[in-house]
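**Student:** just coords:
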Ligand code: AMP
Ligand code: MG
């Protein structure tokens, strides 16, 4: 069976075709980074309007790369939420129209569940239980997985997401958008120990995250020391900031591992592209005698292969999908 996935939850217009055994036949992502870059962040109205302009072309391109025609698609899956409501509505409305026209089943997908599932595209056999850390521009959460599709949230961020903190510092310094990859590049040869950002203090049992303290401390440092992009200290400052964000993530997952004794650690979401984080994550797993799984970079940031692949898994576990035209998008999720 050929599963079409559609993803428009934020500022990426994406479509993918996945076939049996979660084989990815195509994975097309059109990023709007350039469009939002002058604003240092996503402008929701611009994002949804551009999804409208691009979606048809992106789906056609995903079919072309998969060497299929639309009539070869057996099931349609689409991100239902959470995300920017205007953006979600473009993908969801398109998917409903397509499913109705083709008279094919439609499976709605939760964006966060899709991110967690992205790791199974390349790894079929992950030993359970697993701890999954989802780090993206909008979310930073930790989950306990007993098996595929059985996920319980253990912790969330109490304020900013990790990616959001990186994006905001980059915006403030006017060094580019999105902040995560820009900071990674500029801090490559910086000293991560040069500046100290204290880890947030939580009660003993809490596994929750917090990044607003880092952000405030960093902003204060920038203002007090009149740090700007021409300053030679910039690379050390950015390396130290990135290092602190990574430290906070690693220290929480270490604490969670000591409470839940997982067999595997999973890292996913856009920030999981970060080399420093990937390295530290693998080292932690090795040190603790656990397996570690991180998707390839293309499956970390928003994409539709994770949507279609999760739909495939759900379908194979009995969810047949239905042609429901009263599906609604949701902006927030409790997932
Ligand atoms: P997502 O929300 O999953 O699409 O991921 C987007 C987020 O990932 C943004 O906050 C980016 O700044 C962040 N991001 C992407 N690539 C990297 C990277 N190499 N290092 C750190 N953060 C990154
Ligand atoms: Mg995302």
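**Tutor:** The structure has been received and is ready for your questions. All values reported here derive from a predicted model rather than from experimental measurement. Ligands and ions are numbered 1, 2, ... in the order given.

**Student:** Okay, buried residues for the helix or strand harbouring residue 314 please.
**Tutor:** Using DSSP states H and E, residue 314 sits in helix 305-316. Buried residues in helix 305-316, counted by 16 or more other CB atoms under 10 Å: 305-315. For every residue, glycine as well, the C-beta is placed using N, CA and C.

**Student:** Mind listing residues that contact stretch 326-335?
**Tutor:** Residues from elsewhere that reach stretch 326-335 (CB atoms under 8 Å, 6 or more residues apart in numbering): 80-85, 88-89, 92, 96, 106, 108, 110-113, 151, 153.

**Student:** before we move on, the earlier item: turn the buried residues of helix 305-316 into CSV, including distance to residue 134.
**Tutor:** Supplementary listing: the buried residues of helix 305-316 in CSV, determined by distance: CB to CB, whole Å:
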residue, distance to residue 134
305, 16
306, 11
307, 15
308, 19
309, 16
310, 14
311, 19
312, 20
313, 17
314, 18
315, 23
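
**Student:** and which of these is nearest ligand 2?
**Tutor:** Ranked by distance to ligand 2 (CB to the ion), the buried residues of helix 305-316 are led by residue 306 at 9.2 Å.

**Student:** Make JSON lines out of the buried residues of helix 305-316 and add pLDDT and distance to residue 182.
**Tutor:** Shown next, in JSON lines, are the buried residues of helix 305-316 (pLDDT from 0 to 100; distance: CB to CB, whole Å):
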{"residue": "305", "pLDDT": "98", "distance to residue 182": "25"}
{"residue": "306", "pLDDT": "97", "distance to residue 182": "24"}
{"residue": "307", "pLDDT": "98", "distance to residue 182": "27"}
{"residue": "308", "pLDDT": "97", "distance to residue 182": "30"}
{"residue": "309", "pLDDT": "97", "distance to residue 182": "29"}
{"residue": "310", "pLDDT": "96", "distance to residue 182": "30"}
{"residue": "311", "pLDDT": "96", "distance to residue 182": "33"}
{"residue": "312", "pLDDT": "96", "distance to residue 182": "35"}
{"residue": "313", "pLDDT": "95", "distance to residue 182": "34"}
{"residue": "314", "pLDDT": "96", "distance to residue 182": "36"}
{"residue": "315", "pLDDT": "95", "distance to residue 182": "39"}
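
**Student:** just the residues you listed now: which is nearest ligand 1?
**Tutor:** In terms of CB to the nearest ligand atom, no member of the buried residues of helix 305-316 lies closer to ligand 1 than residue 306, at 10.0 Å.

**Student:** re earlier: quick one: which of the buried residues of helix 305-316 is nearest residue 43?
**Tutor:** Nearest to residue 43 among those: residue 307, at 23.8 Å, using CB to CB.

**Student:** hey, what's the nearest residue to the closest one once chain neighbours are set aside bridged with?
**Tutor:** Leaving aside its sequence neighbours, residue 307 sits nearest to residue 5 (CB to CB, 6 or more residues apart in numbering; 3.6 Å). For residue 5, the beta-bridge partners under DSSP bridges are residue 16, residue 77.

**Student:** What parts of the protein come near ligand 1?
**Tutor:** Within the chain, the positions adjacent to ligand 1 are 136-138, 163, 166-167, 178-181, 184, 269-271, 273-274, 301-302 by CB under 6 Å from any ligand atom.

**Student:** Give me the pLDDT for the residue nearest to residue 307.
**Tutor:** Residue 5 carries a pLDDT score of 98 in this model.

**Student:** That one contacts residue 22, doesn't it?
**Tutor:** No. Judged on CB atoms under 8 Å, residue 5 makes no contact with residue 22 at a distance of 11.2 Å.

**Student:** Need the residues touching each of these two.
**Tutor:** With CB under 8 Å, 6+ apart, residue 5 and residue 22 have common neighbours residue 309.

**Student:** Who has more neighbours out of these two?
**Tutor:** Taking other CB atoms under 10 Å, residue 5 and residue 22 do not tie; residue 5 has more neighbours (34 against 19).

**Student:** any idea how far the more buried one lies from residue 78?
**Tutor:** Using CB to CB, to the nearest Å, one gets 7 Å for the distance from residue 5 to residue 78.

**Student:** Overlap of the contact sets of the two?
**Tutor:** Joint contacts of residue 5 and residue 78 (CB under 8 Å, 6+ apart) are 109, 307.

**Student:** Up against ligand 2, what does the stretch 201-335 of the chain have?
**Tutor:** Taking CB under 5 Å from the ion as the contact definition, the stretch 201-335 of the chain meets ligand 2 at residue 302.

**Student:** Run through the stretch 201-335 of the chain and note the low-pLDDT ranges.
**Tutor:** 334-335 (pLDDT under 70).

**Student:** Strands of that one, residue ranges please.
**Tutor:** Assigned by DSSP state E, counting those that start in this stretch, the strands in the stretch 201-335 of the chain fall at 264-268, 291-293.

**Student:** Mean neighbour count, these: which tops it?
**Tutor:** Among the strands of the stretch 201-335 of the chain, the stretch with the highest mean neighbour count (mean count of other CB atoms under 10 Å) is strand 264-268, at a mean of 25.

**Student:** Give me the contact list for that one.
**Tutor:** For strand 264-268, the surrounding residues in contact (CB under 8 Å, 6+ apart) are 115-116, 118-119, 126-135, 145, 253, 257, 277-278, 281, 284-285, 288, 290-295, 300.
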